[in-house]
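>>> coordinates for the following, if possible.
(one chain, ligands or ions: 1)
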Amino acid sequence: MKTPQHAPMNQFPIIEDCLHVGGRSIRNIADEIGGAPFYVYDRQLMTQRMKQLRSTLPDGLVIKFAIKANPMPAVVQHMSTLVDGLDVASAGELRIALDTGIDPADVSFAGPGKMDWELKQTISAGATLNLESENEMERAAKIGEQLGIQPHVAVRVNPEFELKSSGVKMGGGPKPFGVDSERVPSMLKRLGELGLDFRGFHIYCGSQNLNPESIIDAHNKTVNLGFHLAEFAPQPVSLFNIGGGFGIPLFPGDQHLDLAPIADNLEARIKDVADRLPTARVAIELGRYLVGEAGLYVCEVVDRKISRGEVYIVTNGGLHQHLAASGNFGQVLRKNFPVVVANRVVGSKREVANVVGPLCTPLDILAAQMELAVAQPGDLIAVYQSGAYGYSTSPIAFLGHPPPAQIFV
Ligand SMILES: *Cc1c(COP(=O)(O)O)cnc(C)c1O
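Sure, this is the predicted structure:
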């Protein structure tokens with residue numbers, strides 16, 4: 001059997017064997033921000049990705065950005081000019097979203113365990129609360145009354161089905177997210193009694209899916225569930241958020257997601273929704289698919305060691321700055337992200353090496369037994385697919401190293 005390879009990474013040009021981002025060499029970017037480690041994100045790639053999505057997916061589809069994938073304010077600002085709305089998961093993210101100048105009506109807040117002060121801030125701002133429980137609905141109604149503002153709400157539904165072959169499952173069976181679908185009809189009755197402004201449904205099944213059939217299956221089931229639940233709605237549905245979950249290739253064997261069949265199916269479902277829920281717009285929310293491939297994590301080689309025949313490239317970055325690439329963010333079996341020597345991508349000599357960080361834990365691995373150009377101290381190591389769930393997902397204080405810089409070019 002052929003060993004699986006990483007999908008080709010050609011989003012960043014390689015000039016004179018050195019990675020370039022935003023028209024500049026990675027070395028030049030490192031010099032500008034005082035050296036590695038750092039994250040670099042490319043705005044042109046984000047713009048291109050949105051353009052490609054808009055031209056492939058049907059007209060009329062609302063595309064939202066889930067900012068937890070990359071909450072760097074400059075990134076969110078840029079994305080806010082490209083998408084139709086922002087999804088946030090905390091009051092901190094709400095602040096970042098509102099500071100872009102986006103219409104608060106295009107901001108929604110999902111996530112279990114919203115605190116009273118978060119509900120208050122959201123209702124005051126006029127953003128939409130995606131209600132995660134009946135209790136949260138009661139608290140939102142009370143706070144709205146105190147403020148003299150009618151809260152805009154959607155109901156996040158936990159469906160019975162799940163998103164098959166997904167890296168991260170967030171619906172189906174018992175879950176902390178949303179309200180079990182069988183309880184939604186009675187919740188909607190109460191929602192009407194409370195006088196909340198009902199916007200629609202939010203049904204999010206999972207993340208990091210690279211299988212079009214699974215995504216299509218989830219979209220179809222989600223739309224049907226929405227039709228059923230809409231019969232109990234106190235007001236016409238204006239927004240029907242059917243989730244997202246579009247994945248990006250991270251590991252050997254992963255392929256880029258084929259959008260064409262998903263787009264064809266969405267077109268048919270949008271027609272169905274136009275027939276049966278004529279007031280409703282259909283939305284999807286994406287995080288990593290919009291920004292993940294537009295970012296690199298870069299660190300510098302500090303030492304080169306041989307231990308009992310294996311090469312260790314020791315860097316000044318690692319698990320504390322890129323938890324996902326170390327394999328400790330929800331992976332069961334550790335697999336390598338795509339990694340290269342950034343200033344010597346092909347190199348004149350190659351070898352199989354382990355790339356590790358400076359932490360005193362065997363978990364601090366950026367690449368295990370990977371074929372790379374021979375690297376020396378001072379060389380730069382780049383981890384691809386790092387524009388999402390990198391910086392903000394990492395235990396940056398662990399071991400007390402300074403945080404990596406972030407630059408948006
Ligand atoms: C995390 C999350 C997203 C974004 O997930 P990606 O895998 O980055 O696309 C979207 N919606 C909700 C509700 C989420 O929790």
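
>>> any idea how far the residue of the chain found nearest the ligand is from G387?
Nearest residue of the chain to the ligand: G287, at 2.3 Å (Cβ to the nearest ligand atom). The C-beta positions use only the backbone N, C-alpha and C, and glycine is treated the same way. Noted for G287: a distance of 10 Å to G387, by Cβ to Cβ, to the nearest Å.

>>> which stretches in the chain count as helices?
26-32, 43-56, 73-80, 91-98, 116-125, 134-147, 184-194, 212-230, 259-276, 288-291, 323-326 (DSSP state H).

>>> give me whichever of those is most buried.
helix 288-291 (a mean of 28; mean count of other Cβ atoms under 10 Å).

>>> one step back: quick one: common contacting residues for G287 and G387?
With contacts taken as Cβ atoms under 8 Å, 6 or more residues apart in numbering, G287 and G387 have 69-70 as neighbours in common.

>>> more crowded one of the two?
G387 (29 against 23; other Cβ atoms under 10 Å).

>>> wait, what's in contact with G317?
36-37, 297-300, 357, 366, 381, 404.

>>> closest to L257 among those residues?
Y297 (22.0 Å; Cβ to Cβ).

>>> could you report the neighbour count for the nearest residue to L188 once chain neighbours are set aside?
In space, and not counting its chain neighbours, L188 is closest to F232: 4.5 Å by Cβ to Cβ, 6 or more residues apart in numbering. By other Cβ under 10 Å, the residues close to F232 number 14.

>>> just checking, F232 touches R183?
No: contact criterion Cβ atoms under 8 Å: F232 and R183 do not qualify, at 11.0 Å.

>>> would you agree L163 is in contact with K169?
Yes: using Cβ under 8 Å, L163 is in contact with K169, at 6.3 Å.

>>> residues shared between the contacts of these two?
In contact with both L163 and K169: 205-206, using Cβ under 8 Å, 6+ apart.

>>> neighbour count for those two, which is higher?
Remark: of L163 and K169, L163 carries more neighbours, 29 against 18, as counted by other Cβ under 10 Å.

>>> which phi and psi does the more buried one have?
Dihedral pair for L163: phi -80, psi 110, per degrees, to the nearest 10.

>>> and the stretch 251-400 of the chain, which of its residues are near the ligand?
Residues of the stretch 251-400 of the chain lying near the ligand by Cβ under 6 Å from any ligand atom: 285-289, 388.

>>> now these as CSV including pLDDT?
Formatted as CSV, those follow (pLDDT from 0 to 100):
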residue, pLDDT
E285, 97
L286, 98
G287, 98
R288, 98
Y289, 98
A388, 98
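
>>> what packs against the helix or strand of the chain at the bottom of the mean pLDDT ranking?
Least confident element among the helices and strands of the chain, by mean pLDDT, DSSP states H and E: strand 166-169 (a mean of 72). In terms of contacts (3 or more Cβ pairs under 8 Å, 6 or more residues apart in numbering; DSSP states H and E), strand 166-169 is packed against strand 206-209.

>>> any part of the strand it packs on near the ligand?
Yes: Strand 206-209 is in contact with the ligand by Cβ under 6 Å from any ligand atom, via 207-208.

>>> ok, and what's touching that strand?
By Cβ under 8 Å, 6+ apart, strand 206-209 touches 162-163, 165-171, 215, 218, 243-248, 250, 257, 287-288.

>>> and these, which are buried?
162-163, 165-167, 169-171, 215, 218, 243-248, 250, 257, 287-288 (16 or more other Cβ atoms under 10 Å).

>>> returning to what we had before: wouldn't the residue of the chain closest to the ligand be in contact with K64 here?
No: proximity of G287 to K64 does not meet the contact threshold set by Cβ under 8 Å, at 9.5 Å.

>>> would you map out the domains in the chain?
According to automatic domain parsing, the chain comprises the domains 14-41+293-408, 110-286.

>>> off-centre distance for the shortest one?
Taking the mean of its C-alpha atoms, domain 14-41+293-408 sits 20 Å from the chain's own mean (Cα atoms, centre = their mean, to the nearest Å).

>>> how far does that domain stretch from start to finish?
19 Å (Cα to Cα, to the nearest Å).

>>> the longest strand anywhere in the chain: which residues count as buried?
The residue-count maximum for a strand in the chain (DSSP state E) belongs to strand 295-307. Within strand 295-307, the residues that qualify as buried are 295-301, counting by 16+ other Cβ under 10 Å.

>>> tell me the one of those residues nearest H322?
For these, the nearest to H322 is Y297 (4.9 Å; Cβ to Cβ).

>>> quick one: residues contacting the closest one.
37-39, 317, 321-322, 325, 382-383, 386, 390, 404.

>>> closest to T81 among the residues you listed?
Closest to T81, out of all of those and judged by Cβ to Cβ, is Y39, at 21.1 Å.

>>> number of nearby residues for the closest one?
Around Y39 there are 25 residues (other Cβ under 10 Å).

>>> surely it is in contact with Y391?
Yes: the criterion here is Cβ under 8 Å, and Y39 meets it with Y391 at 5.3 Å.

>>> list residues touching both of the two?
Counting by Cβ under 8 Å, 6+ apart, the residues touching both Y39 and Y391 are 404, 406.

>>> kind regards, and thank you for your time.
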